[in-house]
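Student: Please work out how this folds:
(one chain, ligands or ions: 1)
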Amino acid sequence: MNIEWFVNGAGAVLLLYILYRITLVLFNILGPYVFFRPIDLKKKAGASWAVVTGATDGIGKSYCFELARRGFNIYLVSRTESKLVQTKKDILAKHPNVQIRYATFDFTNPSPTDYQELLSQLNEVNIGILINNVGMFFEYPDYIHQMGGGLERLADVAIVNMLPPTLLSAGILPQMIRRKAGVIVNISSATGAFKMAQWSVYSASKKYVSWLTATLRKEYGDKGILFQTITPFIVATKMAGNPNTSFFYPDSDTFAKSALNTIGNSNDTTGYIAHQLQYEMMNLMPEFLFDRAVLKTSAELKQRALKNREEKSLP
Ligand SMILES: NC(=O)c1ccc[n+]([C@@H]2O[C@H](COP(=O)([O-])OP(=O)(O)OC[C@H]3O[C@@H](n4cnc5c(N)ncnc54)[C@H](OP(=O)(O)O)[C@@H]3O)[C@@H](O)[C@H]2O)c1
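Tutor: All right, here's what the predicted structure looks like:
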């Protein structure tokens, strides 16, 4: 009798747990991407300027266009001045009613003094949104001791992925706190959500971004400031090797528009419905199968990158 009671109880708990997991998965996929309406971003931001790092290409550039379309003035921050000038021109051609400023900064530079100078420029305007987007990857995944670019590249990837969200958030938060409003979006990566062999420094630095965002949310959530982590899978950009777009590989414009619509509706999400589907599926995968899949994909990416390099070097 007791055993029967125990088995029935355990079965009920298991069933409830499975139902809870299914509901959570469906909520994560459908909530921010199908059911919830985008929030009033201007009201949440509380000021008219948006700062975007890594603003001259890929996801960052697409965030700039989408934010300009929504009426925000844009402060572009990136390393190549000619690309900043061109991006400014391109945005103004499409959205002549917004203001655009830019600052040149190479984020491989870890100097707090140079950051201070950059922050002085940025803090001249009222910043409602900060998109910490700039990031760096390797030419292809590999074992850490033989990573292409050696120690210098390992250091650059760690610095570019971790320092900007840390120092720019710290330097811009004071004006947001004064206004009791503001939005900080930190672009992490799905690789930060899983322990991925051969993606070590990139994966770990993106985990840092997610963790930092979550802790800052606890510090400033009650001060009117919204912190969001975005953890994309593959978006068809230069960093991803410009693959053809598909259901799972959106172009950066489609991605940025979708991700911006999730602000205020999800604190931590992939940014795109197909990526959320991927995330939920991977999360359910047994770790040994996941590890095998990662190693296989990493080997394929390495092979493809080396082949591309060889083709480029042919006369
Ligand atoms: N694409 C993906 O599949 C994917 C997936 C997950 C996460 N992410 C993350 O999304 C973010 C954007 O990636 P993306 O694919 O859009 O990259 P991208 O197409 O390569 O664009 C990177 C942007 O950052 C700038 N940048 C690069 N290194 C810089 C540096 N040291 N200093 C200043 N600016 C620098 C680039 O400027 P220049 O043009 O002058 O180099 C460019 O504007 C990154 O944080 C990345 O880790 C991307």
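Student: is the ligand contacted by the host helix or strand of A274?
Tutor: Per DSSP states H and E: A274 is located in helix 273-284. No: using CB under 6 Å from any ligand atom, helix 273-284 stays clear of the ligand, coming no nearer than 8.8 Å. For glycine as for every other residue, the C-beta is placed from the backbone atoms N, C-alpha and C.
Student: How about residues contacting that helix?
Tutor: Here helix 273-284 makes contact (CB atoms under 8 Å, 6 or more residues apart in numbering) with 25, 28-29, 32-34, 190, 193-194, 231-233, 247-248, 250, 258, 269-270, 290.
Student: can you give me how far that helix is from the chain middle?
Tutor: Centroid displacement of helix 273-284 relative to its chain, using CA atoms, centre = their mean, to the nearest Å, is 16 Å.
Student: same question, stretch 203-219
Tutor: On CA atoms, centre = their mean, the centre of stretch 203-219 falls 11 Å from that of its chain.
Student: Surely L260 is within a helix?
Tutor: Yes: the assignment for L260 is a helix, going by DSSP: H, G, I helix; E, B strand; the rest coil.
Student: hmm, back to that, convert the helix holding A274 to PDB, retaining C-alpha atoms only.
Tutor: Extracted in PDB, the C-alpha atoms of helix 273-284 (Å, rounded to 0.1, in the frame of the first residue of the first chain):
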ATOM      1  CA  ILE A 273      12.100  32.700 -32.800                       C
ATOM      2  CA  ALA A 274      14.100  30.100 -34.800                       C
ATOM      3  CA  HIS A 275      17.100  30.500 -32.600                       C
ATOM      4  CA  GLN A 276      14.900  30.100 -29.500                       C
ATOM      5  CA  LEU A 277      13.600  26.900 -31.000                       C
ATOM      6  CA  GLN A 278      17.300  25.800 -31.500                       C
ATOM      7  CA  TYR A 279      18.100  26.800 -27.900                       C
ATOM      8  CA  GLU A 280      15.300  24.900 -26.400                       C
ATOM      9  CA  MET A 281      16.100  21.700 -28.400                       C
ATOM     10  CA  MET A 282      19.800  21.900 -27.500                       C
ATOM     11  CA  ASN A 283      18.900  22.400 -23.900                       C
ATOM     12  CA  LEU A 284      17.000  19.100 -23.900                       C
END
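Student: Provide a complete list of residue ranges assigned to helices in the stretch 201-315 of the chain.
Tutor: 252-261, 273-284, 287-313 (DSSP state H, counting those that start in this stretch).
Student: now, of those, which is deepest in the fold?
Tutor: Highest mean neighbour count of the helices of the stretch 201-315 of the chain: helix 252-261, a mean of 22 (counted as mean count of other CB atoms under 10 Å).
Student: If you count contacts, what does that one end up packed against?
Tutor: Under the contact criterion of 3 or more CB pairs under 8 Å, 6 or more residues apart in numbering; DSSP states H and E, helix 252-261 touches helix 58-69.
Student: Mind listing residues that contact the helix it packs on?
Tutor: 50, 52-55, 74, 76, 78, 87, 91, 94-95, 98, 100, 129, 131, 133-134, 187, 232, 235, 237-239, 252-253, 255-257, 259-260.
Student: and these, which are buried?
Tutor: 50, 52-55, 74, 76, 78, 87, 91, 95, 98, 100, 129, 131, 133-134, 187, 232, 235, 237, 239, 252, 255-257, 259-260 (16 or more other CB atoms under 10 Å).
Student: Shouldn't Y102 be within a helix?
Tutor: No: counting by three-state DSSP, Y102 is not found in a helix; it is strand.
Student: so what's it bridging to?
Tutor: L76 (DSSP bridges).
Student: What is the neighbour count of it?
Tutor: 19 (other CB atoms under 10 Å).
Student: how about the strands in the stretch 51-200 of the chain?
Tutor: 73-78, 100-104, 127-132, 182-187 (DSSP state E, counting those that start in this stretch).
Student: The second one versus helix 58-69: what angle between them?
Tutor: The one in question is strand 100-104. Per axes from the mean of the first three to the mean of the last three CA atoms, to 10 degrees, the angle that strand 100-104 makes with helix 58-69 is 150 degrees.
Student: same for strand 100-104, what does it pack against?
Tutor: Short answer (3+ CB pairs under 8 Å, 6+ apart): strand 100-104 packs on strand 73-78, helix 81-94, helix 112-122.
Student: can you give me the mean pLDDT across the shortest one?
Tutor: Translated: strand 73-78. Confidence for strand 73-78, expressed as mean pLDDT, is 98.
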